[in-house]
Each structure stands twice: as C-alpha cells, then as structure tokens.
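J.: return atomic coordinates for the entry below.
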Amino acid sequence: MESLPIATPRVLRPVIGSVTLSLIVALYLVFVTNRTFWSKAMEYLGAPSTALFLLAVGLFALFSAVCVTASVKYLTKPFFILLIMIAAASSRFMDTFGTIIDVDMIRNAAETTGSEAGHLLTTGFLIHMLLFGIVPSLLIMLVRIKHRPLFQKFKYNLVLILCLLAVFTSVSIANVRTFAAAIRQHRDLAATVNPVAPIFSAVRYVVAAGADKNVVLQPLGTDARVMAPMLSGKPRVTIIVAGETARAENFSLGGYARDTNPLLARQDIQYFTDTSSCGTATAVSLPCMFSVYTRSSYTHRKGLETENLLDVLTRAGIKAEWWENNTGSKGVADRIAYTSFSDINDPRFCKSNECLDDVHLDRLGTWLDGVKGDSVLVIHQLGSHGPAYYLRYPEKFRRFTPDCRTAELGKCSREEIVNAYDNSILYTDYIVSTVIDMLKAREDKMAGSMVYMSDHGESLGERGLYLHGAPYFIAPSQQTHIPFVLWTGKETKGGIDQACLQATAREPRSHDNLFHTVLGLMNVSTKVYEPSLDAVAACRTSAGS
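T.: Residues are numbered from 1 along each chain as shown. Down below sits the predicted model:
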C-alpha cells in the first residue's frame, strides 16, 4: 500500500503591507534613532512649542515619503535594514560622544587603524547595535510584505508620496522663518539628522576620494636652500613632536590648576598660550599643520596636491625623517624615511600594535648620535588619544586617581575621565622634556631645537561632548585650543632675543606657524617662507653663531 506524503507544517509569518511597514520604519528612524537631534531641537526651538510639534510632523512626513518610495518588491527589506543599521551605529556615537558625522569624520574613520577602532567597538556599542540595529532588522526579515499589484501600487504610492511631500512642504513654508533662523544660528541641528546627515557625508567622502585619485603632486619651494651653516660647523637638528589630542586647557604651563607639566616647567622653554589648531581630527590637522597653507585657505585637496614642509626641507639638502606611533602620517611623510612603531610592535612598549610613546625615546639617542648633517625628525605621538586614555601612560604616571580604566566612558565619572586624561598629559610632559634633555646632552655636537604642537584638543564632557572631531564651525575651544612649546639650544638661542620672544608668548599662534617656524630654525631660504608666520622671526637677531 502506497504511503501518503507527510505534509510539512508551514511556518506562519506575520504579514504586513508595504506602506504600513514604510510608515513604521520612518517612525522608528525619526523618533528612536534621533535622540541627539531632538535634544538640540528642543533646546533651540523650545519645548513644548508649536514649532517643535510641526517639525516632528514635517520630518515624519519626509521620512515616510522616502520609505514609501523605496517600498519596491525585493528592495524594501535590504533598504530598510541598511537605513536602520546606519542609523543605529550613527546614533551610538552621536548620543554617547556628541559626535557630528561630517565628511572629515568619515575620512578620519576611513583612515583609522584596527587598534584605534577597537577602542570604540566596546561592549556598550555591541549591545546598542543589537537592540537598535539587529533586533529591528530581524523583525523586518521575519515578516512577509504584502505588495499591491504593480499598477495599483504605483498609483496608490504616488498619491501617498505626493500627500506626504505636501505635508512636509506646508509645514516648512508655514514655519520657514523659525526653521531657517534655527538652522542658520545652530548649524549643528541639520548636521545631526540621522541617518540623512551621515549618509550624505559618506557619499561626499566617496565622491571626493574618487576625485583625489587623479591628484598630480605640485612641487613647492624649488628654490629652497640652507642660507649658511652654523659658524661652529655643527649640524642644525630640529625635532618636531607632533602631539595627539592634547588640549591646552589641561597644561599647567598655561595656568591649569593641576601640575601636569612639572618637567617642562623646569626647562628653558617658550610656551605659547594662545594657539589654535587647523582642525579637530588628525586626518585634517596633521596634513594642514605641515602644509604651506593657512587654516583659512587649506583644503584636503590642496594638501594632497601640494608638497609640504618635509619636501621643502629635503629639497634644501636637509635630512627629514618621520617616526610614527599613531594612525599614520596622512600622506605627509610619503616621500621621506618613515618608521612605524606599531608595525614593529616591540613587546617592551607595545601591545596589540599599540605602543607607549617611550618607544620613541628608546631609539632617539642612537639616532641623534648618528646625525651627520642638518636634520629634522618628526615624532608622531599616540599622546592622549581616547577614549582609552588609561592605555596611554605606564603605571608610574598614574598620579591622578581614581582614573577611568575602560574605553567605555559612560561607566566612569567625569572626574575619573579627567584624571585618566591628565595622567596622559603628565606622560607627554615626560616624553617632551626627555627629548629636550637628549638634545641638551649633545649640544657639543649639534645645534638643537624642539617644537611641540598637538594636532587638536579633546572634549571631556563639556556641553555633553566627548573625544574630538566636531566640525570647526561649532567646535568648542577644548578641541581647538592646543599647546605649543618651543625649545632652542644654546647656539640656536644665541640668535634669538629671548626677552622679545617672551613678550610675544601671549600673541595668537596656530598651526599656520609650524611650516615657517621650522624653516626659520633650519635657516632655509625660499620664496614660500613667510617671516610673518614664523613664531621666532620678529625676535631673531641672527641665524645663529
């Protein structure tokens, strides 16, 4: 007797209309993943207020129109899931750190290292992504979407989209003055609409990156030459310490209540108290500070297509070298000798390809002893890079406690975060002071100088902001006010009026000064040198004896 086939039970899946799902997704995106946007909107428009209510209506209508437009068979689920995952990731950084995801932030993320990214991919991040990204996405995958017949769907959706756009337009026109004034006065408002702003920023970055592939490098300072050697015959040696995430506000050299610079305070240095950065992230500031352009004229494109300070020095016959202990030189050192300590991963100083800045000092003595002619060495620190500040200094520099011992800043009090950060500044004080000591110990063999400048500052909870990378137009002073230290050895100092230099210490300085100050210290003559941007030129009495 022939057996009957056994029926396989059919898994019942919820059925939902494509328009209904579109409206739910729009509702989720607007009101669940936009906490930062709504907190700003409530502050700028007032809460409760008619303008705030109408903004919510208009934004929901606009998001709904976009979602309904994309509710096409085979496209609906992938598109909605992509939007939700982008919105979930963006909201984590916006809501936790106050981050605005603009083009520069996307570029900084694209150029980061695995180690740096790992400090942001914390347990908190994974839980956030699970709750706000993966769970909603799984729910979308679970349901069966019911679509109308093609022609009927086209007519129905078109009418609905037009109605939604009409609502958005009506709300916008009715409140155009209020909304325009809020956006004009608070440019960060539109920059936090999630996931619209991050997506537009990513698209702009991809377009720019594609255009950047066609960049042709233009020579700079082709007439560069060293005007004259030191009368003593000693080589000129300048060490540039490119700091990372050090903010001037926490330097006791500038008046900070805590003694974070005990060693530098005992050195014969010049500290410039009012110095500003070119950007708020390494990917912008580092190439800018070594470029010939001022902050007002610098663009990423110009930085790529124009040679920089190190090229001009090399053309003048000066040996230039770069030591890397961060996330790369961002193209600045592409044409000179380059050493990456994270690649070497010396176990004495490094763990998982991240190294303490002592790794520089370990080799510096040997390098200095091998100097044969005029030389410039760039030391690119890991410095105070967050959020894992506690990993930036060894145990003996844990002076300020309790210090935050995790990259999850939300688990620490602000006092603990500041303590950890200040310990990293204390360690940088030791690194920079030791570089000076090593130059001083060899003054019988060379005419040394040291320039320390941080690439940008850091927010430690002020105005709800953490880390760095805020667009410059809204960046707080904590992210743009940076430390600038200059030390000159006996022979170099002999050509500078120290009283004059001290008198200029409070004058505004910036990354604009680095290019020209180093050329001045190395006695390089070139048409691209601007004495007005040399921090020492006004006080220079001679090129040195």
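
J.: quick check: next helix or strand after the helix or strand of the chain with the lowest mean pLDDT?
T.: Of all helical and strand segments in the chain, the minimum by mean pLDDT, DSSP states H and E falls on helix 114-118, at a mean of 78. The first helix or strand that comes after helix 114-118 along the chain, using DSSP states H and E, is helix 123-129.

J.: which positions in the least confident helix or strand of the chain come out as buried?
T.: Residues 115, 116 are the ones in helix 114-118 that count as buried (16 or more other C-beta atoms under 10 Å). All C-beta atoms are positioned from the backbone trio N, CA, C, and that covers glycine.

J.: what's the offset of it from the middle of its chain?
T.: When C-alpha coordinates are averaged (C-alpha atoms, centre = their mean, to the nearest Å), helix 114-118 and its chain have centres 14 Å apart.

J.: same question for stretch 275-295.
T.: 11 Å.

J.: flag every buried residue along stretch 512-529.
T.: Within stretch 512-529, the residues scored as buried using 16+ other C-beta under 10 Å are 512-524, 526, 528-529.

J.: avg pLDDT for it?
T.: Taken as a whole, stretch 512-529 has an average pLDDT of 98.

J.: start and end of that stretch, how far apart?
T.: 12 Å (C-alpha to C-alpha, to the nearest Å).

J.: what's the separation between the residue nearest in space to the middle of the chain and residue 481?
T.: When the chain is reduced to its mean C-alpha position, the closest residue under C-alpha atoms, centre = their mean turns out to be residue 281, at 2.2 Å. For residue 281, the distance to residue 481 (C-beta to C-beta, to the nearest Å) stands at 15 Å.

J.: okay, now the unreliable bits of the stretch 1-150 of the chain?
T.: Along the stretch 1-150 of the chain, segments meeting pLDDT under 70 span 1-11.

J.: let's see 90
T.: Under the criterion pLDDT under 90, the flagged ranges of the stretch 1-150 of the chain are 1-13, 46-49, 98-100, 102, 104-105, 107-122, 150.

J.: ok, which stretches of it are helices?
T.: Shown for the stretch 1-150 of the chain, the helices assigned by DSSP state H, counting those that start in this stretch span residues 18-31, 35-45, 50-69, 76-97, 103-110, 114-118, 123-129, 135-142, 150-174.

J.: export those to JSON lines and tack on distance to residue 486?
T.: JSON lines is the format used below for those (distance: least, C-beta to C-beta, whole Å):
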{"stretch": "helix 18-31", "distance to residue 486": "51"}
{"stretch": "helix 35-45", "distance to residue 486": "40"}
{"stretch": "helix 50-69", "distance to residue 486": "50"}
{"stretch": "helix 76-97", "distance to residue 486": "33"}
{"stretch": "helix 103-110", "distance to residue 486": "28"}
{"stretch": "helix 114-118", "distance to residue 486": "29"}
{"stretch": "helix 123-129", "distance to residue 486": "40"}
{"stretch": "helix 135-142", "distance to residue 486": "54"}
{"stretch": "helix 150-174", "distance to residue 486": "53"}
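
J.: and of those helices, who's closest to residue 234?
T.: With C-beta to C-beta as the measure, helix 114-118 is the member of the helices of the stretch 1-150 of the chain nearest residue 234 (39.4 Å).

J.: other residues contacting that closest one?
T.: The set of residues that contact helix 114-118 without belonging to it, under C-beta atoms under 8 Å, 6 or more residues apart in numbering, is 109, 327, 342, 352, 353, 354, 385.

J.: low-confidence ranges, the stretch 401-545 of the chain, go.
T.: Flagging of the stretch 401-545 of the chain using pLDDT under 90 yields the residue ranges 463, 473, 494-495, 541-545.

J.: in the contacts of helix 114-118, find the pair that's most separated.
T.: The span of these, defined through C-beta to C-beta, is set by 109 and 352 at 19.4 Å.

J.: more neighbours: those two, which one.
T.: Each of residue 109 and residue 352 has its neighbours counted (other C-beta atoms under 10 Å); residue 109 has more, 18 against 11.

J.: now the more buried one. Nearest residue, chain neighbours left out?
T.: Counting by C-beta to C-beta, 6 or more residues apart in numbering, residue 117 is the residue found nearest to residue 109 once chain neighbours are left out, at 7.7 Å.

J.: so how far is residue 106 from the one you found?
T.: 13 Å.

J.: ok, residue 426 next?
T.: When distance is defined by C-beta to C-beta, residue 426 is 33 Å away from residue 106.

J.: does residue 27 touch residue 60 like I think?
T.: Yes. The pair residue 27 and residue 60 qualifies as a contact (C-beta atoms under 8 Å) at a distance of 6.7 Å.
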